[in-house]
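1. can you look at this prediction? I've put the sequence above it.
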Amino acid sequence: MAKKENVLTGAHFMNGDIACAEGAIAAGCKFFAGYPITPATEIAEHLSQRMPEIGGIYIQMEDEIASMAAVIGASYAGLKAMTATSGPGFSLMQENIGLAVMTEAPCVIVDVMRGGPSTGQPTLPGQQDVMQAKWGSHGDYEIVALAPSSVQEMFDLTIEAFNLSETYRVPTILLADEVVGHMWEKVMIPPTEKIKVVNRKKPNVPPEEYMPFMPDDDLVPPMACFGEGFSFHATGLTHDEHGYPKTQSSEIQERLVKRLCDKIRINADKIIRAEEVTLEDADVVVVAYGIVARSALSAVRKARGEGIRAGLLRPITLWPFPEKAVAKIAKQAKKIVVPEMNCGQLVREVERSAKETPVVFLSKLGEDPHTPTEILEAIRRNS
Amino acid sequence: MLEEMVHPMSKYLRAAMMPHIWCSGCGNGIILNCFIQAIDELQIDLNKLVVVSGIGCIGRAAGYTNTNSFHTTHGRPIAFATGAKLANPGLDVVVISGDGDLFAIGGNHFIHAARRNIGIKVICANNFNYGMTGGQQGPTTPLYALTPTSPYGNIENPFNLVHLAAASGATYVARWTTLHARRLTQSIVKLLQKEGFCFIEVISPCPEIFGRHNKMRTGLEMMEWFKKASVVESFTDPAKAEISSEKIVVGEFVDMEKPSYERLLLEKIAQINKKAQE
């Protein structure tokens, strides 16, 4: 649990980036390494002020590659650690996100998405990093990514991201967008004792018996940190349960990589969260996330006012994807509408899960998110 | 009855990781040996020691050392070490890695860590090439040297690592060859005790990969070169600390006192919290 005096309990008016920074502090984060980038810079700025106040570490690194490496170093030295960036920096971080996956370093990466590819549109929103969040680093792996829709959720889901990351020893991504990051809204910060905070499992064996990558039944190994009396090795190479490199063994490669995937897959039902609005009898279901889900909610309510049986499914967890929830609505809905600020990313997952049910994709790029009217018109067309 | 003989230094090595991967005639074993001699001399608490390596032949040194160890992605050991050191400034964080890892792909991290003067200790095995991938030309390959990717002779100028480290702000900079085992050990003893960013370059023989393309097919021949060419010129201008077939300038080049990044940071944190309490 974060120290009581560190948590700004009460009602606040703040932007999403600052809410994210305060959420990190409430989750017990004591280390931030980053590099300035629009539209995530305010997270770094706020933490450069707040971290010293709470006895934590803020460091501005030379680039995002270094930021991600430093976060893993801090995590292995025992602190909850985070970095924040946007698309171009997120691309640079992919290498060491893979290292965090392989060495099972709990950490949180915030990507406040802007328009891409490349330098793209630094000050405008996008949802173009959804697939990069899942597949950006080489090799097979599973990861957790959460998509906040409000400033309140920038606070809440940052805490959730830390909790999931600590529970499963997996890098967890807060996949926000420029609007949610820069928008100002009311945020309620609960009393410290009401905030659920999870810390990584520690070994309960003597140091000589400790095997750093020997999993428990939940497939997650307890984690010792540097300086805690456990002498251990960790490597980005394929390794056995001792952490020793075993690069020539297909058996060990299979056992390790499958476990890294399975620890998320078998726990997917526990991890996945989605918001459901008037789905019970819905003929047309909008699947939307992030800021677009706010317009979608408004559109669904207006459609209901017009007598159209519309519903909203809002994935809060983008990865693992709530495929069961989509499969369920697909059985009853006639059409599924997916508005996204990209050329078609999460819609592929929706199509995969919806099977026979037709999926209508609503792409929007380059300026503001979809308006409620734009989504409402799509609902009308498909009802 | 014969008692089982245990080497007094074996406690510093992970027996399960042996045999090591290094070729005969390679200098990495000497560097690791000097490092553990220095740890032993200082009686460093192994629980507080973290050895970090990047990718390359010497990158395996972290795993061979029986302490907290981490083998990072290529070029990133200094950035990882920065996070570990700041998260727990009580740790002794040492980076042992190669010239390609630290000065090509990781060059940016090196100069910025030195500029910040973060208290991590970097030992670089400089073997003039990318040994692990078969000896390609790299940031320290001498001009005109032959490698598999410079088959007509290298036309890139190599870095002078001691000059680079000194110019970037390191508080301790030294260069030795693996021939200078005792001086190297004493230099590591000093490095481990100093505040701030400290750097030792160790010129290391790579006969199997680099030497065989450059008329030095055995470790002995490479060591003969070091013996013939090395000149101790301590505290000479780092810019003039040359490495050529005729002359390898070795010694200590920088040894200064400067508050480390973590000292300044912790002082700041204390100051801010004192002000908040007033």
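-> That came through fine.

2. packing partners of the least confident helix or strand in chain B by mean pLDDT?
-> Within chain B, no helix or strand scores below helix B:261-277, which has a mean of 93 by mean pLDDT, DSSP states H and E. Using 3 or more Cβ pairs under 8 Å, 6 or more residues apart in numbering or on different chains; DSSP states H and E, the elements in contact with helix B:261-277 are helix A:41-53, helix B:77-87. In short, each C-beta sits where N, CA and C put it, glycine included.

3. so is the shortest one next to chain A?
-> Yes: part of helix B:77-87 sits close enough to chain A to count as contact by Cβ under 8 Å from any Cβ of the partner chain, namely B:A79, B:F80, B:A81, B:T82, B:G83, B:A84, B:K85, B:L86, B:A87.

4. could you give the mean pLDDT of that helix?
-> Averaging pLDDT along helix B:77-87 gives 98.

5. number of residues surrounding residue 225?
-> No chain in the question, so chain A it is. A:C225: 20 surrounding residues under other Cβ atoms under 10 Å in any protein chain shown.

6. ah, I was thinking of chain B
-> The number of residues near B:W225, taken as other Cβ under 10 Å, comes to 21.

7. how about the residues of the stretch 51-200 of chain B by chain A?
-> For the stretch 51-200 of chain B, the residues in contact with chain A (Cβ under 8 Å from any Cβ) are B:52, B:60, B:62-63, B:66-73, B:76, B:79-88, B:90-91, B:108-109, B:112.

8. just the buried ones from those residues?
-> By neighbour count, with 16 or more other Cβ atoms under 10 Å in any protein chain shown, those hold B:52, B:60, B:62-63, B:66-73, B:76, B:79-88, B:91, B:108-109, B:112 as buried.

9. which neighbouring elements make contact with the one helix or strand A:A234 maps to?
-> Under the criterion of DSSP states H and E, A:A234 resides in strand A:233-235. Applying 3+ Cβ pairs under 8 Å, 6+ apart, one finds that strand A:233-235 makes contact with helix B:61-64, strand B:68-71.

10. of the ones you listed, which approaches B:I243 most closely?
-> Among the helices and strands packed on strand A:233-235, the nearest to B:I243 by Cβ to Cβ is helix B:61-64 (22.3 Å).

11. now do stretch B:270-278: distance to the chain's middle.
-> Put simply, stretch B:270-278 sits 39 Å off its chain's centre (Cα atoms, centre = their mean, to the nearest Å).

12. which other residues reach it?
-> If you take Cβ atoms under 8 Å, 6 or more residues apart in numbering or on different chains as the criterion, stretch B:270-278 is touched by A:P52, A:E53, A:G55.

13. and if you look at stretch B:19-35?
-> Counting by Cβ under 8 Å, 6+ apart, B:9, B:57-58, B:60-61, B:64-65, B:94, B:96, B:123, B:125, B:127, B:131, B:177-178, B:181, B:184-185, B:188, B:202-209, B:211, B:218-220, B:222 sit against stretch B:19-35.

14. specify the residue positioned farthest from the middle of chain B.
-> B:E278 (45.6 Å; Cα atoms, centre = their mean).

15. can you give me the distance of that one to chain A?
-> Distance, B:E278 to chain A, by Cβ to the nearest Cβ, to the nearest Å: 14 Å.

16. now do that residue, the pLDDT please.
-> Predicted confidence (pLDDT) for B:E278: 80.

17. could you confirm whether the longest strand seen in chain A reaches chain B?
-> As assigned by DSSP state E, the longest strand anywhere in chain A is strand A:107-115. No: applying Cβ under 8 Å from any Cβ, one finds strand A:107-115 out of contact with chain B, separated by at least 9.8 Å.

18. and the residue of the stretch 101-250 of chain B that's closest to chain A?
-> B:H112 (4.0 Å; Cβ to the nearest Cβ).

19. for stretch B:49-57, measure first residue to last.
-> 21 Å (Cα to Cα, to the nearest Å).

20. repeat that for stretch B:249-264.
-> Stretch B:249-264 end-to-end distance (Cα to Cα) = 34 Å.

21. which one of the helices and strands packed on strand A:233-235 lies closest to A:I329?
-> Between A:I329 and the helices and strands packed on strand A:233-235, the tightest spacing by Cβ to Cβ is seen for strand B:68-71, at 45.1 Å.

22. off-centre distance for the closest one?
-> Averaging C-alpha positions (Cα atoms, centre = their mean) puts strand B:68-71 15 Å from its chain's average.

23. how about the helices of the stretch 1-150 of chain B, start to end?
-> Counting by DSSP state H, counting those that start in this stretch, the segments of the stretch 1-150 of chain B that form helices are B:28-42, B:61-64, B:77-87, B:99-100, B:107-116.

24. the ones you listed: which one's closest to B:L164?
-> helix B:107-116 (7.1 Å).

25. which elements pack onto that closest one?
-> When contacts are defined as 3+ Cβ pairs under 8 Å, 6+ apart, helix B:107-116 sits against helix A:64-76, helix B:77-87, helix B:161-168.

26. would JSON lines of those with distance to A:T103 be doable?
-> Listed next are the helices and strands packed on helix B:107-116 as JSON lines, based on distance: least, Cβ to Cβ, whole Å:
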{"stretch": "helix A:64-76", "distance to A:T103": "7"}
{"stretch": "helix B:77-87", "distance to A:T103": "10"}
{"stretch": "helix B:161-168", "distance to A:T103": "28"}
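
27. out of those helices, which comes closest to A:T85?
-> Ranking those by proximity to A:T85 (Cβ to Cβ) places helix A:64-76 first, at 5.5 Å.

28. pull out the buried residues from the contacts of stretch B:19-35.
-> Buried members of the contacts of stretch B:19-35, scored by 16+ other Cβ under 10 Å, are B:57-58, B:60-61, B:64-65, B:94, B:96, B:123, B:125, B:127, B:131, B:177-178, B:181, B:184-185, B:188, B:202-209, B:211, B:219, B:222.

29. re the thing from before, between the helices and strands packed on strand A:233-235, which gets nearest to A:E45?
-> Smallest distance to A:E45 across the helices and strands packed on strand A:233-235 (Cβ to Cβ): 30.1 Å, for strand B:68-71.

30. find the closest residue to chain B in chain A.
-> Taking Cβ to the nearest Cβ, chain A has A:G73 as its residue nearest chain B, at 2.8 Å.

31. show the model's pLDDT score for that residue.
-> For A:G73, pLDDT reads 98.

32. with B:M1 instead?
-> pLDDT at B:M1 comes out at 57.

33. tell me who's in contact with B:N68.
-> Residues near B:N68 by Cβ under 8 Å, 6+ apart: A:F226, A:G227, A:F230, A:S231, A:F232, B:N47, B:L49, B:V50, B:V51, B:L91.

34. pLDDT and distance to A:V277 added to these, as TSV?
-> Shown next, in TSV, are those (pLDDT from 0 to 100; distance: Cβ to Cβ, whole Å):
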residue	pLDDT	distance to A:V277
A:F226	98	46
A:G227	97	48
A:F230	95	48
A:S231	92	53
A:F232	97	47
B:N47	96	54
B:L49	98	55
B:V50	98	50
B:V51	98	54
B:L91	98	50
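
35. please name the nearest non-neighbouring residue to the closest residue to chain A within the stretch 1-150 of chain B.
-> Taking Cβ to the nearest Cβ as the measure, the stretch 1-150 of chain B has B:G83 as its residue closest to chain A, at 2.8 Å. Counting by Cβ to Cβ, 6 or more residues apart in numbering or on different chains, A:G73 is the residue found nearest to B:G83 once chain neighbours are left out, at 2.8 Å.

36. and the one you found, how many residues sit next to it?
-> Neighbour count for A:G73, taken as other Cβ under 10 Å: 34.

37. I figured it hits B:A79, correct?
-> Yes: counting by Cβ atoms under 8 Å, A:G73 does reach B:A79; the two are 7.3 Å apart.

38. related to what we said a few turns ago, also near chain B: which of the contacts of stretch B:270-278, exactly?
-> A:P52, A:E53, A:G55.
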